[in-house]
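>>> Please work out how this folds:
(2 chains)
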Amino acid sequence: MIREIMKDRFASIALIVLVVMYLMILFADFIAPYSKDFSDRNQSYAPPSKIFVIDENGKFSKPYTYNYKREYMPELYQAVYTLDRSHKYYINLFNRGEEYKFLGLIKTNIHLFGVEKSGRLYLLGTDINGRDVFSRLLFGGRISLTIGFLSLFILFPIGLIYGGISGYFGGWVDNIMMRFAEAVMAIPSFYLLIILAAILPSNMTSTQRFTLIVVILALIGWSGFARVVRGMVLSIKNEEFVLAAKTIGASDLRVILKHILPQTTSYVIIAMTLSVPSYILAESGLSFLGLGIQQPDASWGNMLKEAQEYINILYRPWLLTPGFLIFIAVLAFNLIGDTIRDILDPKGRIRE
Amino acid sequence: MKRVIYLIILIGIIVVSLPACIKKDNPDIQPEIPITQGVNIDKYSINQLFPNPKTVTIKGVDYLQSQLPAGNLGGRIIASTIGEGPKTFNPFTAKDATSSQMANMMYDGLVSANPVTGEVTPKLAKSVEIKENDYIIHLRHGIKWSDGKPITADDVIFTWRDIVFKGLGNTSVRDSIIIDGKLPEIKKIDDYTVVFTVPKPFAPFLRILSNPVAPKHYFTSIPNWEKSFDRILTTTINPKEIVYSGAFHLKKYVPAQRVVFDRNPDYYEINLKNQKLPYLNQVVYLIVGDLNNELLKFEGKEIDTINLQGAAVARYKAREGKSDYAIYNLGPDTGTMFLAINLNNRKNEKGKPHVSYLKQKWFSDINFRTAIDYAVDRDSMVTNIAQGLAAPLFTSESLNGIYLNKNIKGHKRDLKYAESLLEKSGFHKGKNGLLYDKSGNKVEFDLYTNAGNTERESIGVMIKQDLADLGMTVNFKPVEFNTLVNKLTNTYDWDMCIMGLTGSPLEPHNGKNVWASNGPLHLFNQRPPQYNKDDRLSWEKELDNIFEEGALKLNFNERKKYYDRYQQIIYDERPIIYLYSPTRVVAIRRKFKNIYPTTLSGILYNIEEIYIEDNK
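Below is the predicted model of the structure:
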């Protein structure tokens, strides 16, 4: 399948982008020059570091950067950052910095790149508390990009089995089960989440709290999926191989699980890929409203919240980078989902 | 063939993007610093004190005469209000700031305050005589309600005796003048003289007279008015029916959009040329959803005045020279941002302590609280979070308060001193850099604030780091606003909390709800209502006494001693650690004259005196 995806130009780019993203968040500790909580008070809203390759004499040099010097200008009501040219900080590969546990196992202090301790390397500037936006993007991605899968693992088994049983037995069982699913579908999810965020116990950490919210999201979200599965099962159950299995004497459950549900695989895979982005967006939306992941934890949604003030967009455009990443990730998932559909379901192919 | 094309495209991209990566280090080029031109009103000040209006009598009518330069009639000013707009136009039932602001446009009080000094000045009253416990109000002769009926002593007595003292509508005024369980007495001398008699000398009383006066004949003309008091002057009223005394009256209210006020042609204030005020024909309040919205509306010239915050100030300052507005830095505002520590040592109904015994021990330790105070980095908060538009705060009175204790100088961040204090109380740092108490328990507690408020969340992140420098483990938890309020006022199960309150800069007695041990906002040691066990801390007792006795002294200097002492107690005991007080910066279009914003009174307090300079 991967080979087939790679044949499609857009999908292959999307796949590479996603693989790179997931690798980056997996190795976030190693790649990020700072931890997510590292902050320098004197560098609040510092712009991205300027990296020089040609030195002041016009010669090529190892890349280096300068620290920023912040001066508060009372007559402008503004802090102005100027380069402090007294010391050059060369960018080192495998730089020694803050200690962390590599993949949660090996204690080390080697980061992919960085500058010496007194220097500051901010690839994408800093936020209000003087924390490196680039590092926080990587750590924030850990939540934003994985939260979607979590809910899929709850949503799909429920949807499959519920839809399978309903479609297979038909009649009044089907009638009752489908009416119930419709009732679940009618719950307005976003308002439910806002209420939930208010009544959840406050002693949960933001990750626990968000996990719970996602679980609840999944518990509402299965119904639409179950309906489609039921429709598919209705047509599959009349196929000859199902009749054959029944004649041999296979139990109902066995027929559903072994013979009918595998026929829906292609739809399941497509639906899964296409629903991941909606959870990424849900996370961003909730965190943006202050209901999801809370400070000081990072997620793309709550980082984007800082760019909410339009003044910040004008003066500190680097605060918009989480939004850009959300856009890329969602687009990539959708592109791949589309291509997978084309591959698994050639009849529905739109693009040639 | 295809591969070759790809290769060429790839090389092309690299060639194009390479120069962007290769940056030349040129020391001569520094980032551009924006230069401001034009008016530089740095620290705004009114050169001479704001002149109080005087009373002049012309043909038997006691007019109020504005002492500001005379201007010309016409035009309108558009201001804004954030939120949902007014919920009522009845000044006696209004509970939120927007509603009372709108209602007070139409109903004047007996007195008002000077916007610079805070001194009480006459408004609807011609003068107020104070003889021991008697406040003798002399009303103006010849001034009228909008329907032509004279404003007399009957209206004043009706307002106080039949509305305020009976507790109709919002009872906060009534609650604030109960002295020793008794209300003042009110007596009519003649049609233009009223006497209030207070049971004891009570300093805040004079200012309370700024409460609006209601038109008796209008209120009583409504059938069954006492029972249906909430239904008087609702937002659905026909504006033509309203009987008012203020400079402006309601013309139109479009919910969620705007409130339009028209000029009162028969107002009792005149200018130096003896022309009737107000100058403006119309005052419009646009109802805007949030700060961003308001900012965009100001930029689009839809509104004429705005309060600026954070980075917006820098942007507007930079463009001030080329624009039609001026920026005024009014100095520290009445708002305070603070860190409260829960000193509650009581149990809930189930017999469980609100705060665990372990934490109670830490929090009740003055060294522990002082260490926190010394570890908090106020300067960074001011420069980073408030972006320079704030001042570090150490006192419970706001920096523009007239009762501010100027002897409390505060201190810089001092980790060494903080650590020495902790050591004194037996705390010690472990090898892992974490703090442990005498019995070896890790010092760890929760810090709450309301989620969705970027400013408070950033403060929380900062305090978490500040206290981590002492080895304390702080679990910072922004929670939904109502959850937080429930914790603070109901369940009391919190450790520390970042909050903000707005106090009155003129009347410290208004802070009684926070500082009195049975006050409804006594956050740091909240007692349930109807709690009658006396378990006050020694300094809580002293605070109770100060707020009892301070109100009884009428002389400013004598009173100030009491309130100086109360601020000193809060500073010494640190149940609430004050962080900073924001600076108020406003932008106002230059065409408006006679507009002198102050932190005490805001922008539009003298709305009747404001005029437009060049009214073509």
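
>>> Please identify the buried residues of stretch A:180-192?
By 16 or more other Cβ atoms under 10 Å in any protein chain shown, the buried positions in stretch A:180-192 come out as residue A:181. C-beta: built from backbone N, CA, C; applies to glycine.

>>> To clarify, my last question referred to stretch A:319-336.
For stretch A:319-336, the neighbour count (16+ other Cβ under 10 Å) marks A:319-323, A:325-326, A:329-330, A:332-336 as buried.

>>> farthest pair in those residues?
A:319 and A:336 (28.5 Å; Cβ to Cβ).

>>> right, and residue A:111 touches residue A:28 too?
No: look at residue A:111 against residue A:28 with Cβ atoms under 8 Å: they stay out of range, at 10.6 Å.

>>> okay, these two: which has more neighbours?
The neighbour comparison of residue A:111 against residue A:28 (other Cβ atoms under 10 Å in any protein chain shown) goes to residue A:111, with 23 against 20.

>>> Just confirm the more buried one is within a strand.
Yes: residue state for residue A:111 (DSSP: H, G, I helix; E, B strand; the rest coil) corresponds to a strand.

>>> Please name the nearest non-neighbouring residue to it.
Using Cβ to Cβ, 6 or more residues apart in numbering or on different chains and skipping residues adjacent in sequence, the residue nearest residue A:111 is residue A:97, 4.7 Å away.

>>> Next: residue A:311.
residue B:311 (4.3 Å).

>>> try residue B:550
Nearest non-adjacent residue to residue B:550, counting by Cβ to Cβ, 6+ apart: residue B:562, 3.6 Å away.

>>> circling back to that earlier point, closest to residue B:550 among the buried residues of stretch A:319-336?
For the buried residues of stretch A:319-336, the nearest to residue B:550 is residue A:319 (47.7 Å; Cβ to Cβ).

>>> Let me see the contact set for that closest one.
Applying Cβ atoms under 8 Å, 6 or more residues apart in numbering or on different chains to residue A:319 gives the contacts A:125, A:127, A:133, A:303, A:304, A:306, A:307, A:312, A:313.

>>> now do 7 Å
By Cβ atoms under 7 Å, 6 or more residues apart in numbering or on different chains, the contact list for residue A:319 reads A:127, A:306, A:307, A:312.

>>> ok, now how distant is it from residue A:305?
Distance of residue A:319 to residue A:305, given as Cβ to Cβ, to the nearest Å: 9 Å.

>>> Contacts only, for residue 127.
No chain in the question, so chain A it is. Counted by Cβ under 7 Å, 6+ apart, residue A:127 has contacts A:133, A:306, A:319.

>>> try chain B instead
Applying Cβ under 7 Å, 6+ apart to residue B:127 gives the contacts residue B:138.

>>> Wait, a strand at it?
Yes: applying three-state DSSP, one finds residue B:127 inside a strand.

>>> how about the residues of the stretch 251-352 of chain A near chain B?
For the stretch 251-352 of chain A, the contact set with chain B under Cβ under 7 Å from any Cβ of the partner chain comprises A:289-290, A:294-296, A:305-306, A:309-312, A:314-315.

>>> Drop anything exposed from the residues you listed.
Buried among those by 16+ other Cβ under 10 Å: A:289, A:290, A:294, A:295, A:296, A:305, A:306, A:309, A:310, A:311, A:312, A:315.

>>> ok, of these, which one's closest to chain B?
residue A:290 (3.0 Å; Cβ to the nearest Cβ).

>>> from the buried residues of stretch A:319-336, which ones fall inside helices?
A:321, A:322, A:323, A:325, A:326, A:329, A:330, A:332, A:333, A:334, A:335, A:336 (DSSP state H).

>>> rewinding a little: adding distance to residue B:100, secondary structure and pLDDT, write the contacts of residue A:319 out as CSV.
Formatted as CSV, the contacts of residue A:319 follow (distance: Cβ to Cβ, whole Å; DSSP: H, G, I helix; E, B strand; the rest coil; pLDDT from 0 to 100):
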residue, distance to residue B:100, secondary structure, pLDDT
A:127, 38, coil, 88
A:306, 34, helix, 81
A:307, 35, helix, 81
A:312, 33, helix, 81
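
>>> So the longest helix seen in chain A, near chain B or not?
Using DSSP H, we find that the single longest helix of chain A is helix A:133-169. No: Helix A:133-169 does not reach chain B (Cβ under 7 Å from any Cβ); its nearest approach is 11.7 Å.

>>> Would you mark the buried spots in that helix?
A:133-148, A:150-152, A:154-156, A:158-168.

>>> Understood, closing this out.
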